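Colleague: fold the following for me, if possible:
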Amino acid sequence: MAAAVYALCALTALACAVLLLRSFFRQGHRLLLWSGLCFCGLFVNNALLIVDRFALPERDLSTLRLLVGLAALAPLLYGLIWEEE
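Modeller: Numbering: from 1, shown residues only. As a prediction, this is how the structure comes out:
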């Protein structure tokens, strides 16, 4: 059951990333780009969680997952602080 929840979280993050990036390419608002990149990173983070828990349970990928999560939030933080509209 936990694997299904983790997979649904990853798919939701992927769907958000696709929708945000598609909207960016249509409208050109840069905050959509930063949000889309953030959700791409969150998808990778969720995929690593699935790998960590189920594919490689003997390995600890928590440090890698935290670094990916930090890298995922960095573009959104940049966009919120430095972008002007």
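Colleague: all helices for the protein, in order.
Modeller: 2-27, 30-50, 62-82 (DSSP state H).
Colleague: just give the closest residue to residue 54, not the sequence neighbours.
Modeller: In this structure, residue 54 finds its nearest non-sequential neighbour in residue 3, 5.6 Å apart by CB to CB, 6 or more residues apart in numbering. In this view, the C-beta of every residue, glycine as well, is placed from N, C-alpha and C.
Colleague: the one you found contacts residue 50, correct?
Modeller: Yes - the pair residue 3 / residue 50 is scored as a contact, 6.9 Å apart, by CB atoms under 8 Å.
Colleague: quick one: low-confidence residue ranges for the protein.
Modeller: Across the chain, the ranges flagged by pLDDT under 70 are 85.
Colleague: can you tell me which residues contact residue 22?
Modeller: Residue 22 makes contact with no residue, according to CB atoms under 8 Å, 6 or more residues apart in numbering.
Colleague: now it: how far from residue 72?
Modeller: Going from residue 22 to residue 72 by CB to CB, to the nearest Å gives 19 Å.
Colleague: tally of neighbours for residue 4?
Modeller: With neighbours defined by other CB atoms under 10 Å, the count for residue 4 comes to 8.
Colleague: that'll do, ta.
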